[in-house]
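Peer 1: dropping the sequence and predicted coords here.
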Amino acid sequence: MLASVLAATSGFVRPDLDWHALAPELILTATIVVALFLDVTTSESGKGIVASVSGIGILAAIVPLITLGLDDSSRVMFDGAYVVDDFALVLKGVFLVAAYLTILLSTNAIAEGDYHEGEYYLLLVSAVLGMTVMASARDLISIFIALEMLSIPAYLLASWRKRAKTGIEGGMKYYLMGVFASAIMLYGMSLIFGGTGSTLLTDVGAAVSGTFGDSPVAVLGIIFTLVGFAFKVSAVPFHNWAPDTYEGAPTPVTAFLSVASKTAGFVAILQLVFIGFLGQADTIRPFMFVLAALTMTVGNVIALRQTNVVRLFAYSSVAQAGFILAPLAVVSATDGDTMAKILSSVVLYLVVYTVMNLGAFAVIIAVSRRTQSGEITSWAGLFTYAPGLAVAMGAFLFGLGGIPPAAGWFAKFQLFGAVLSDGSASAYAMAVIMAVNSVISLAYYLGLMRTMFMDDALDGDVTPIRTPVPLVAAVGITVVATIVLGVMPGLVADLADGATFAFLPGQ
Amino acid sequence: MKDLLNGWGPTAAVFLPLVGVAVMLAIPKSEETLHKVVALVTSLAVFAVGVALLAEFDYDQTADMQFFVNKTWIEVINSRYIIGIDGISLPLIALTVFIVPLVIIYSWNHFPEPHNPKAFLILILILETGMIGTFVAQDLLRFCGFFELVLLPMYFMIGVYGGEQRKYASLKFFLYTAFGSALMIVSILATYFLSPVNAAGDHTFSMIELANWGAAGNGELVRLTGILVFGGFFMGFGIKVPMFPFHTWLPDAHTQAPTQGSVILAAVLLKLGTYGFVRIAIPIFPEAAIWWAPIIGGLAVFGIIYGALGCLAQTDMKRLIAFSSVAHMGYVMLGIATLTPLGTNAAIFGMVAHGLITGMLFFLAGSVKDRFHTLEIKRLGGLLLQAPRMGWLLGFACMASLGLPGLAGFWGEFPAILSAYQPADGLSEPLFRTFMVIAAIGTVLAAGYLLWLLQRVAFGTPTEEFEKEHIHDMHLTDYLAWVPMIVLILVLGVYPNLLFKITDGAVVHSLRAFAGS
């Protein structure tokens, strides 16, 4: 018995490991280990060190990304299941920057609240590790593993407000919905595996382009898999968990979920659609059209009625997800130019959205330190007592709304460009839906502006806000990035343009 | 000098205000006088650049883009930093650089509540960048960027410094125009992808190349596509003008905006829309323009009558002037809709004249509000007795506005009406002659509401309420701000060729696609 097992394994050859390519993940893993060690050895009052170490670890992980980028060669491991190409590098960069900013947002909020502090950073870095894996995963199984790696810490973080009912409720909802989505997705993946006999995305892509693609089971598998990730990016009608979870979770976690976790979902969708499912573009187009149109419209319309600023941003981020999905409604198996435009516009939007949304949450955290409330009315007159924060928030809101000179306009413009480059009637219909939605979104972004700039402060209380240094840094970094990228969009446009997949089926 | 202007003139005019903003940001809020001086010096510097551009402009070649710059901007999407000035944009640039210093001078002692000169003047300077930028941009994307940049400062100007309904008015203003801009962006991108590719295989955003493409018949463009794309531009520009039925944001915005905001809004911002039609929509899609012209013309004359009737029903002086803008922009749009050089020349003249005259009227309305703390026509009266100089000026501005020959307003209105008699080939003559008659009736109504306004506000005796009050006549800043405008209204009225000479060549060039023009 044992002998046969040994005989079977003796043929095992260790696959080639490219240590350079794996360096970011390895550094994150080391960070987790060190943070865990520090967490168990430091006293309750000294947990700040865990935050610092996590932050440094994340920054250190960016270094190999840069060297890999300069190296300029795509690295493939595990027979193509794990690829470090330009796309992966850019997205890993986004995740790491988002994570670092999240740590800046968290330091004071977590230390001052009634939270477990050390474990918080541990889980945060674990989730980031899952995200960096996701950016490289080119295999159904590695995608699934990456998803679970980033989701499970996120479920815990979402319910981090352990004494608040809303916190537990939000976390529970997120968990149940997430598991449900994983199940659907796994079912879809199993159908695809059953039909293609491979979990490698390039193999799947070849099979879907071939005869398997026309069978109903392939269509079912594709839809189920994408639905799983539609939950992750909170696309309508799979968005119900988002507002409650966002409101219940500690605000830095909300920022993290609405940016990094969502981006990870988009990364998976992009990889699946571009490498795996493109042969069935005829199935994906109507599916994505409906999904995107519904998501942005429903998200925007409900956002109009929100009175809580975090819920407002929850629905706003739902609507933004709709915008990001929109170019996928014009994917095509034959038009390489359009596909390149779609990819670069989505990546660009993800980068810019990350910066703007994290910035907005940084301001929300800073303001709620003073007001202890998430109600929009408590923002009244912010400009009179915290002009800096108000102006920064203004830049983020205009950026999210797509008004120049803040960064969002160019990214949004590129989304429009990608959609219209298809030139079909449905593309024009999509563009008009997007245009109308941009205006609806301005209504609530401007509503918040109005409260900040034009209303009088509540009870005439104009004591200034004392913002801790990490928050100031976070707001400063994001606001500078928002303005600079708005005036000189070429800086990231080139980056997004270069973020291409190294291996596509048929190449 | 010429070389420097060629390379840097328009760029300097666009970005100098931002330099002023940067300086002002560095000065603490309490140094109010210093802020005023910096803002004024900045706007005068821009004015000086404008004068230099006017002086160096080659008036024999108005159809050519002068002071032309063409540099890469965002290479990925083939959007370039293309700026230039021709006979169509020159008058509007001149108007802008002329109005802004006057507004700042007027502001000197008249800062609206909440008194914050630093923020207020910064907003005005940012506005100036946006306005001049829109007029010099020759790249659709640049144009669009500047076009939208204007929204921000105006939103704050109305929303922070406005009257009681300011929040409602500012949001309405923003959403209306943003809706138009959003559809315009779709059209801009559609134009880009429809445009012919150059040798390098790229499409183009260059308005000059696109206009050439339009003049050559749009290649293989499907007619319906052209009409739809024009429709997007129509929404973007039509809301900004504003044309009936998209005008409802205008009375609210004007009424609630502070005087300075109203003046800039009336003098320059509304022109961004009409300029867009003349510069972009019509030259690039001439065939679609012929399809749209009857609709534009019809809405224009409807707006003339509707605006005039609206004026007659108003009880608030500022709201009345706002509605008169709807009517006046109707004449401008009628001129544009004829697609003839005569009509378009008249339209550009109308833009400048309306900017000066309505700007003047808003200045006066603001001063009345300042002194009487009300603009309700019922409560006013006898201005000529209490403040004779202001009273006479109101008379002068009303006369100019109703199109009295010899003043600037006449040359915007009369040729526009005349041009409808003989529209471009492909347009229905009976229809446009009907428009002409309706528009002519509109001038009678205009005389009616303006003279009635004058009668109620300036003539008669002061109402009991203000009988005893001492009303201060014009201040020094009023003289400084208003005299240049009055002089210009007179000069343009007596010698209209000053402007027609500049615009004609460029207009004929831009309408070269239309037969019979």
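Peer 2: The structure has been received and is ready for your questions. Numbering: from 1, shown residues only, chains lettered A, B, ... in the order given.
Peer 1: tell me which parts of chain A are close to chain B?
Peer 2: By the rule Cβ under 8 Å from any Cβ of the partner chain, the part of chain A lying against chain B is A:344, A:398, A:403-405, A:409-410, A:413-414, A:416-417, A:420-421, A:423, A:428, A:431-432, A:434-436, A:438-439, A:442-443, A:446-447, A:450, A:453-454, A:489-490, A:493-494, A:497. For the C-beta atoms, the positions are set from N, CA and C on the backbone; glycine is no exception.
Peer 1: narrow those to those in helices?
Peer 2: With helices defined by DSSP state H, the entries of these inside them are A:344, A:398, A:409-410, A:413-414, A:416-417, A:420, A:428, A:431-432, A:434-436, A:438-439, A:442-443, A:446-447, A:450, A:453-454, A:490, A:493-494, A:497.
Peer 1: show me which of the residues you listed are buried.
Peer 2: The neighbour count (16 or more other Cβ atoms under 10 Å in any protein chain shown) marks A:344, A:398, A:409-410, A:413-414, A:416-417, A:420, A:428, A:431, A:434-436, A:438-439, A:442-443, A:446-447, A:450, A:453-454, A:490, A:493, A:497 as buried among those.
Peer 1: partner residues bridging A:Val83?
Peer 2: With DSSP bridges applied, the residues forming beta bridges to A:Val83 are A:Val76.
Peer 1: that one - how many residues pack around it?
Peer 2: When neighbours are counted by other Cβ atoms under 10 Å in any protein chain shown, A:Val83 registers 26.
Peer 1: contacting residues around it?
Peer 2: Applying Cβ atoms under 8 Å, 6 or more residues apart in numbering or on different chains to A:Val83 gives the contacts A:Ser74, A:Arg75, A:Val76, A:Met77, A:Ser136, A:Arg138, A:Ala502, A:Phe503.
Peer 1: and B:Asn104, what element?
Peer 2: If you look again at residue B:104, you'll see it is Ile, not Asn. Here B:Ile104 sits within helix B:89-107, counting by DSSP states H and E.
Peer 1: mean confidence score for that helix?
Peer 2: Looking at helix B:89-107 alone, the average pLDDT works out to 91.
Peer 1: likewise stretch A:429-439?
Peer 2: Here stretch A:429-439 scores 89 as its mean pLDDT.
Peer 1: just the CA atoms of the helix holding B:Ile104, as CSV, please.
Peer 2: As requested, the backbone C-alpha atoms of helix B:89-107 are provided in CSV (Å, rounded to 0.1, in the frame of the first residue of the first chain):
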residue,chain,number,x,y,z
SER,B,89,-12.6,83.0,-31.5
LEU,B,90,-10.8,86.3,-31.4
PRO,B,91,-13.8,88.5,-30.6
LEU,B,92,-14.9,86.1,-27.9
ILE,B,93,-11.4,86.0,-26.4
ALA,B,94,-11.3,89.7,-26.5
LEU,B,95,-14.7,89.9,-24.7
THR,B,96,-13.5,87.5,-22.0
VAL,B,97,-10.2,89.3,-21.2
PHE,B,98,-12.1,92.6,-21.2
ILE,B,99,-15.0,91.6,-18.9
VAL,B,100,-13.0,89.8,-16.2
PRO,B,101,-10.9,92.9,-15.0
LEU,B,102,-14.1,94.9,-15.0
VAL,B,103,-15.8,92.4,-12.8
ILE,B,104,-12.9,92.4,-10.5
ILE,B,105,-12.9,96.2,-10.3
TYR,B,106,-16.6,96.2,-9.6
SER,B,107,-16.0,93.6,-6.9
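Peer 1: below-threshold pLDDT in the chain: ranges please.
Peer 2: I'll assume chain A. A:1-11, A:503-507 (pLDDT under 70).
Peer 1: that's the wrong chain, I wanted chain B
Peer 2: Regions of chain B meeting the criterion pLDDT under 70 cover residues B:1-2, B:76, B:515-517.
Peer 1: residue of it closest to chain A, please.
Peer 2: For chain B and chain A, the shortest gap (Cβ to the nearest Cβ) falls at B:Ala182, measuring 3.7 Å.
Peer 1: which SS class is that residue?
Peer 2: Per DSSP: H, G, I helix; E, B strand; the rest coil, the secondary structure class of B:Ala182 is helix.
Peer 1: what about the closest residue to B:Asp64 other than its chain neighbours, distance to B:Pro341?
Peer 2: By the measure of Cβ to Cβ, 6 or more residues apart in numbering or on different chains, the closest residue to B:Asp64 outside its immediate chain neighbours is B:Asp86, 6.4 Å from it. When distance is defined by Cβ to Cβ, to the nearest Å, B:Asp86 is 14 Å away from B:Pro341.
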